[in-house]
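# Fold the following for me, if possible:
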Amino acid sequence: VQLVESGGGLAQPGGSLRLSCAASGFTFSRYAMSWARQAPGKGLEWVSGIYCDGRRTYYASAVEGRFTISRDNAKNTLYLQMDSLKPEDTAVYYCAKEPAMDNVGEYDYWGQGTKVTVSS
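I've put the predicted structure just below:
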């Protein structure tokens, strides 16, 4: 299993970023996927999850209404569109594979992460 995140960087408060995760080494379309993040000095926090076929999505309360998770099973790619960014969104964001098609928040593999910094 290989998960490679990209798209992180510096954004201003109120700005947007789009994260991508290229997946390989497993049948992407058969597994739910999630995004998690780790802020400086804090533990890993689940952010959002999506079922294998994309028909259901879930969000942590801290990001609901601002972030949108999606996937393209033809491209084996997971996305996280982040809008209305806040300084407290600053973290390393990880793409995570779930162990089943329709559970989120349990992840068995994750990538190396991409850093997001929200600051003026």
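# which other helices and strands contact the helix or strand where R18 lies?
Element membership for R18, per DSSP states H and E: strand 17-24. Applying 3 or more CB pairs under 8 Å, 6 or more residues apart in numbering; DSSP states H and E, one finds that strand 17-24 contacts strand 2-6, strand 33-38, strand 77-82, strand 91-97, strand 114-118. Placement of C-beta: from N, CA and C, glycine included.
# how far away is the spatially most central residue of the chain from Y59?
Central residue check for the chain by CA atoms, centre = their mean: the C-alpha nearest the mean position is that of W35, 2.6 Å away. Look at W35 and Y59: by CB to CB, to the nearest Å, they are 10 Å apart.
# which residues are in contact with both of these two?
Taking CB atoms under 8 Å, 6 or more residues apart in numbering as the contact rule, the neighbours common to W35 and Y59 are V47, S48, I69.
# quick check, nearest of the residues you listed to P40?
Nearest to P40 among the shared contacts of W35 and Y59, counting by CB to CB, is V47 at 15.9 Å.
# Tell me which residues touch the closest one, please.
By CB under 8 Å, 6+ apart, V47 lies in contact with S34, W35, A36, R37, Y59, A60, A62, V63, F67, L80, Y93.
# can you redo those residues as JSON lines with pLDDT and distance to A22?
Shown next, in JSON lines, are the contacts of V47 (pLDDT from 0 to 100; distance: CB to CB, whole Å):
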{"residue": "S34", "pLDDT": "98", "distance to A22": "16"}
{"residue": "W35", "pLDDT": "98", "distance to A22": "14"}
{"residue": "A36", "pLDDT": "98", "distance to A22": "17"}
{"residue": "R37", "pLDDT": "98", "distance to A22": "18"}
{"residue": "Y59", "pLDDT": "97", "distance to A22": "22"}
{"residue": "A60", "pLDDT": "97", "distance to A22": "23"}
{"residue": "A62", "pLDDT": "97", "distance to A22": "26"}
{"residue": "V63", "pLDDT": "98", "distance to A22": "22"}
{"residue": "F67", "pLDDT": "98", "distance to A22": "19"}
{"residue": "L80", "pLDDT": "98", "distance to A22": "13"}
{"residue": "Y93", "pLDDT": "98", "distance to A22": "14"}
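# Great, nothing more from me.
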